[in-house]
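Colleague: Sequence and computational prediction follow.
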Amino acid sequence: MDQTTFNKIQLFKEKQEIHCAEEDTILKATLAAHINHTHACGGQGKCSTCRVSVMEGIENCYPKNELEQLISTKLNFPKEIRLACQTKLKGDVLIRRMVSDKLDIDLISEQFSEDSEIALGRQQRLTIVFTDIVNYTAFAEKFPPYDIVHVLNRYYRIMNTIIQEHKGIISDVAGDGILAVFGIDENTDNSVLDAIHAIEGMNQKLDDFNEYLKENFNTHFGIRAGVHYGNAIVGPFDTGAMRKLAIIGDNVNYASRIEAANKEFGTSLLLSQEAYQKVEKTYPEYTTFETELKGKTGRYTLYQIY
């Protein structure tokens, strides 16, 4: 008498229910049900194209075997991402297939070739910093495009060195603005403190930069900065022509609004409450400002530490 145990697999995208024998993998069950489930390596646990997101019932998946654990570690899978070709079930699950077509396969192949812990993206608590240049608009209106591009490139090159020295990276630039993040590699005791020290270093280097600006353009710059600490999504974003490590999420927008608030209060550095709490022992004296922030509801307390 057949004692085979079957578990239910709910397919999110297909809105379909299939059954999986306990000794079979998710991939074997989906293929048996004639689901076009991508598995570029033939189900050998070598490519990750069959991966699924277990939306419900992750506790009903057996632990990862050696093959799956190898890929999971390499690509920094969160716990709900499993290889369908290796995962067996001991209960019912709801899954979503993550690779649907050739473009998906190409992207996965590129990601899999990356020797990076964030090749597929992850959520992480980071210190997010926005800076912009005081007096940039007047400069840009006065001088030709060549001079503007040259000066900005010189500025970015100098400031990037300072940011990297304090364990940060520049994620993006837009006009005179810099988006920098600290704490991505988690090799720090306090990423907010790293960010503040980087901003201090940027201002020190700005003194020398302003000598250059005065001599060549009879102008000078200042720096405004906003600092926030919170969760953000980190990952490599690829348009085909451009590839960069990007930081996205509402907390990135929050940091941008904090930086912009400097204009309202006549300050040069403001921290969110979350950021200040990470450095309150180092900077016990502060001034606070209560304000609304564009695009966000409620009122926020911002901290000036010097």
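Modeller: Now that the structure is in, tell me what you want to look at. Numbers count the residues shown, from 1 in each chain.

Colleague: And the helices in the protein, which stretches?
Modeller: In the chain, the segments counted as helices under DSSP state H are 26-32, 66-75, 102-113, 136-142, 145-165, 191-217, 250-265, 273-277.

Colleague: weakest of these by average pLDDT?
Modeller: Of all the helices of the chain, mean pLDDT reaches its minimum on helix 102-113 (a mean of 62).

Colleague: Domain boundaries for the chain, per the record?
Modeller: 6-113, 122-304 (automatic domain parsing).

Colleague: if we can go back for a sec, wait, which of the helices of the chain is closest to Gly295?
Modeller: Closest approach to Gly295 among the helices of the chain is made by helix 250-265 (6.5 Å; C-beta to C-beta). All C-beta atoms are positioned from the backbone trio N, CA, C, and that covers glycine.

Colleague: in that closest one, what counts as buried?
Modeller: Neighbour-count burial for helix 250-265 flags Asn251, Val252, Asn253, Tyr254, Ala255, Ser256, Arg257, Ile258, Glu259, Ala260, Ala261, Asn262 (criterion: 16 or more other C-beta atoms under 10 Å).

Colleague: These: which two are farthest apart?
Modeller: Asn251 and Asn262 (18.1 Å).

Colleague: Quickly list what Ile178 is bridged to.
Modeller: Thr131, Val173 (DSSP bridges).

Colleague: okay but it is in contact with Thr131, surely?
Modeller: Yes - if you go by C-beta atoms under 8 Å, Ile178 and Thr131 touch, sitting 4.7 Å apart.

Colleague: any common contacting residues for those two?
Modeller: Both Ile178 and Thr131 are in contact with Met159, where contact means C-beta atoms under 8 Å, 6 or more residues apart in numbering.

Colleague: List the contacts of the spatially closest residue to Ile58 that is not a sequence neighbour.
Modeller: Computed as C-beta to C-beta, 6 or more residues apart in numbering, the closest residue to Ile58 that is not its neighbour in sequence is Glu80, at 5.4 Å. Contacts for Glu80 (C-beta under 8 Å, 6+ apart) come out as Ser53, Val54, Met55, Ile58.

Colleague: how near is Glu80 to Val93?
Modeller: 10 Å (C-beta to C-beta, to the nearest Å).

Colleague: Quick check: neighbours shared by the two?
Modeller: Counting by C-beta under 8 Å, 6+ apart, the residues touching both Glu80 and Val93 are Val54, Ile58.

Colleague: Specify the stretch among the helices of the chain that is closest to Asp172.
Modeller: Asp172 lies closest, by C-beta to C-beta, to one member of the helices of the chain: helix 250-265, at 9.3 Å.

Colleague: That closest one - contacts with which helices or strands?
Modeller: In terms of contacts (3 or more C-beta pairs under 8 Å, 6 or more residues apart in numbering; DSSP states H and E), helix 250-265 is packed against strand 122-134, strand 177-182, strand 222-238, strand 269-272, strand 287-292, strand 299-304.
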